[in-house]
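[1] Structure for the following, please:
(one chain, ligands or ions: 2)
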Amino acid sequence: MATPRVVDAEFMKSAQALADSVDDTVSEVVFLGRSNVGKSSTINGLTSRKNLAKSSATPGKTQLINFFDIRYIYDDKDWSIRFVDLPGFGYAKVSKDLKGVWQKNLVEFIKHRVSIRVFIHLRDARHPNAEIDRGVNEYVKRFIRGDQLYLDVFTKIDKLNMKEKRALKKKFPGCITISNSKRIGYDVVHQKIFEHIFGVMEWSN
Ligand SMILES: Nc1nc2c(ncn2[C@@H]2O[C@H](COP(=O)(O)OP(=O)(O)O)[C@@H](O)[C@H]2O)c(=O)[nH]1
Ligand SMILES: [Mg+2]
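    Ligands and ions are numbered 1, 2, ... in the order given. Down below sits the predicted model:
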């Protein structure tokens, strides 16, 4: 089964909050995760662009919400969505309501942005038990809507040996694993995104 292909990817805008975000008429995939987990690398990898995410992540912009226009080709047709790169959250222990981990405007964005259809939570495969990731997962699942998909995606899988990979799969059955340095795992991510947003794929794996 063919995989949807990204044929265009363009930086649109950096926003501070929901209020100055781009229009909300196109389905969005938001990427969240700790600083340094590989968010920018994943967006660059999925779009096969070297510097798409980095180019907007100039100093001072890292705390902003970055929007990217994405055009897929699938079945000879064009399909448009947006990717949204969210500021990374820190390593601090999770407080009950994540105050201080994510700024208020970010929490407002992920709660109230109507166009979000997919949350991609990037997690470091070497630290699958990080408390902050568990906290974020539980937190988002409290208000996630029925039309939204939440995907755990483990990055840096190239850093794991066989034994560690087996342990990860055992703890998170069916989890998605990727490597940005080896460019592995992107097809499944594209397929999940596409299937959820457009619901037109018949694929088996
Ligand atoms: N080995 C390995 N390194 C990665 C991978 N993804 C990202 N990195 C590296 O991790 C560092 C942080 O990546 P970056 O994309 O800037 O993370 P961000 O802060 O979440 O946007 C960089 O040095 C990347 O080259 C991966 O899958 N495997
Ligand atoms: Mg980044």
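[2] going forward, measure contacts and count neighbours with C-alpha atoms only.
    Will do.
[3] buried ones in the helix or strand hosting Asn44?
    Under DSSP states H and E, the secondary-structure element containing Asn44 is helix 39-47. Residues of helix 39-47 classed as buried by neighbour count (16 or more other C-alpha atoms under 10 Å): Lys39, Ser40, Ser41, Thr42, Ile43, Asn44, Gly45, Leu46, Thr47.
[4] And it, what does it pack against?
    Under the contact criterion of 3 or more C-alpha pairs under 8 Å, 6 or more residues apart in numbering; DSSP states H and E, helix 39-47 touches strand 5-15, strand 28-33, helix 52-56, strand 77-85, helix 186-198.
[5] pLDDT of the shortest one, averaged?
    Confidence for helix 52-56, expressed as mean pLDDT, is 69.
[6] do the first one as well
    Model confidence over strand 5-15, given as mean pLDDT, is 95.
[7] Ok, stretch 112-119 next?
    Per-residue scores along stretch 112-119 average to 98.
[8] what about it, how long is it end to end?
    Across stretch 112-119, the straight-line distance between its terminal residues is 13 Å, by C-alpha to C-alpha, to the nearest Å.
[9] Not counting its own residues, what contacts it?
    For stretch 112-119, contacts defined as C-alpha atoms under 8 Å, 6 or more residues apart in numbering pick out 18, 24-32, 110, 147-151, 193, 196-197.
[10] pLDDT weak spots in this structure?
    Using pLDDT under 70 as the threshold, the predicted model of the chain has low-confidence ranges 1, 55-62, 90-103, 200-205.
[11] Contact residues of it facing ligand 1?
    Where the chain comes near ligand 1, counting by C-alpha under 6 Å from any ligand atom, the residues are 35-41, 155-156, 158-159, 179-181.
[12] can you rerun that using 5 Å?
    Residues of the chain found near ligand 1 (C-alpha under 5 Å from any ligand atom) are Ser35, Asn36, Val37, Gly38, Lys39, Ser40, Ser41, Thr155, Lys156, Ser179, Asn180, Ser181.
[13] which SS class is the second one?
    It refers to Asn36. On the three-state scheme (DSSP: H, G, I helix; E, B strand; the rest coil), Asn36 is labelled coil.
[14] any idea how far it lies from Gly88?
    Taking C-alpha to C-alpha as the measure, Asn36 and Gly88 are separated by 8 Å.
[15] quick one, which of these two is more surrounded?
    Taking neighbours as other C-alpha atoms under 10 Å, Asn36 and Gly88 compare with Gly88 leading, 20 against 13.
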